[in-house]
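Chemist: What would the 3D arrangement of this be:
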Amino acid sequence: MRKHYRFRRWLFAPLVYLAAIFLLIEEWLWATGARAMQVLAQFPPLHALEARIQHLPPYWALAVFVLPAVLLFPVKLLALLAIARGHAFSGIGVIVAAKLGGAAAVARLYTLTRPTLLSLPWFARWHGRFIATRDRWIARLQGTRAWRRIKRLSNSLGRTRRAWWRRLRSGASSRGRHNSRPARVLRRFAALWRARR
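Modeler: Numbering: from 1, shown residues only. Here you go, the predicted structure:
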């Protein structure tokens, strides 16, 4: 029995790691998209559009909420077609851009339309079940060794990226704008030009 359990755990381990990576990417896309759309929403035309979306009737709000998925579906199909025809880089780029844009749009639209959509009894019922099921599966995934390893790796990469960015910014500020190489080349060129005159 123990051997069977070990074999099953070994067999499903790659899927658990894949699920952990997928969940981290989804969390990052959702959070980044929500922040990006919150910044964009400060522009007056988008602010006015969001105010109109918040006051839509329930079924119009539902149509607006599913709109990004409907619009991006043919784009993803065309990207897969491009990959099949040998344009792998372009196809993958389009899929990544569609995923980023779609996550940003869905995150913001979910925030805007959720109060209205929850006024629909059937939506509120299925939404509650979906959230409960999702939270239960995420809790199970976060209790695995795979999740802990992937999370540690993600945190380590995040710290490395932030340290690199701090060093890059501090190096740029210590050199100063006028001590950069292009500025030095321009000053030298200007000095030579003045000497010729």
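Chemist: What helix or strand is the residue most central in space within the chain located in?
Modeler: The geometric centre of the chain, computed from its C-alpha atoms, lies nearest to Leu29 (Cα atoms, centre = their mean), at 1.9 Å. With secondary structure defined by DSSP states H and E, Leu29 is part of helix 2-40.
Chemist: which residues touch the next helix or strand after that helix?
Modeler: Sequence-wise, the next helix or strand downstream of helix 2-40 (DSSP H and E) is helix 44-54. Identification of contacts with helix 44-54 by Cβ atoms under 8 Å, 6 or more residues apart in numbering yields 40-41, 61, 64, 108-109, 112-113, 115-116. Placement of C-beta: from N, CA and C, glycine included.
Chemist: are any of these buried, and which?
Modeler: 41, 61, 64, 108-109, 112-113, 116 (16 or more other Cβ atoms under 10 Å).
Chemist: Now do the buried residues in the strand or helix carrying Pro74.
Modeler: Using DSSP H and E, Pro74 falls within helix 58-84. Across helix 58-84, burial judged by 16+ other Cβ under 10 Å covers 61-62, 64-65, 68, 72, 76, 79, 82-83.
Chemist: The helix or strand following that helix vs helix 44-54, what angle?
Modeler: Remark: after helix 58-84, the chain's next helix or strand is helix 88-117, criterion DSSP H and E. Put simply, helix 88-117 runs at 50 degrees to helix 44-54, going by axes from the mean of the first three to the mean of the last three Cα atoms, to 10 degrees.
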